[in-house]
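Chemist: Make a model of this:
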Amino acid sequence: MFRPLIAVRASVLAPLLAAAFVLPAVPAIAQTAPMQDLSQAETGQPPQRIRQVTLQGAEQCPKAAADEIVVCSRINPNEQYRVPKELRTPPEIPAQNQSWVNRAAAVDQVGRVAGGLPNTCSPVGTGGQTGCAITAARAYAAEKRQAKREAEQAAPLTDPNDDGGR
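Modeler: Prediction:
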């Protein structure tokens, strides 16, 4: 069963092997580009410069020089004058910079969970039944508030006095 496959494989490989032994004797083809003009990928060296360009309308991406990479992106025309999404939300306040009220509330909640008090979603004590439902409801409400805040920030700004061109 396998002998015909081996014979076919040998008949296919024989010309390839013969060509492999003949090709090293043929002189190498002259290179068309000098060594200093090789691209970054061929030299293995990292680029000297990475340039990020934001295009508007029908602008074309600029050509890259030999030692740089150009990254082009387009933005929505409605978003071009807005603050970028990454900068719209304020960063989280570190614990040492928070008010004492927030720190006291966090310490109080940790103490309640550790003590197994009611409404703490703790596996110890009476907190398991009511506390988990309350914790889930609070988390859901916080997620809704966050989604509403993000939707308000992402909504395009409209002029209330604009009548739509009428």
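Chemist: For the rest of this, base every contact and every neighbour count on C-alpha atoms.
Modeler: OK.
Chemist: Helices of the protein, residue ranges please.
Modeler: Secondary structure of the chain by DSSP state H: the helices cover 3-22, 40-43, 85-88, 100-115, 127-154.
Chemist: Lowest average pLDDT across these?
Modeler: Mean pLDDT values for the helices of the chain show the minimum at helix 3-22, a mean of 48.
Chemist: so how many other residues sit close to the closest residue to V71 other than its chain neighbours?
Modeler: Using C-alpha to C-alpha, 6 or more residues apart in numbering and skipping the chain neighbours, the partner closest in space to V71 is Q52 (4.8 Å). Counted with other C-alpha atoms under 10 Å, residues neighbouring Q52 total 11.
Chemist: same thing with S122?
Modeler: S122 has 20 nearby residues by other C-alpha under 10 Å.
Chemist: Distance of V53 relative to P84?
Modeler: 15 Å (C-alpha to C-alpha, to the nearest Å).
Chemist: quick one, which of those two is more surrounded?
Modeler: Higher neighbour count among V53 and P84: V53, with 13 against 10, using other C-alpha under 10 Å.
Chemist: For that one, give me the pLDDT.
Modeler: 91.
Chemist: Show the end-to-end separation of stretch 63-70, please.
Modeler: 7 Å.
Chemist: Would you mark the buried spots in it?
Modeler: Within stretch 63-70, the residues scored as buried using 16 or more other C-alpha atoms under 10 Å are 68-69.
Chemist: can you tell me the average pLDDT over that stretch?
Modeler: 88.
Chemist: what about N119, how many residues close to it?
Modeler: 18.
Chemist: ok, now N102?
Modeler: By other C-alpha under 10 Å, neighbour count at N102 equals 11.
Chemist: gap between the nearest residue to A133 once chain neighbours are set aside and I134?
Modeler: Closest residue to A133 apart from its sequence neighbours, by C-alpha to C-alpha, 6+ apart: C121 at 7.8 Å. Per C-alpha to C-alpha, C121 is found 8 Å from I134.
Chemist: Who has more neighbours out of the two?
Modeler: C121 (22 against 14).
Chemist: any idea how far the more buried one lies from N102?
Modeler: Counting by C-alpha to C-alpha, the gap from C121 to N102 is 20 Å.
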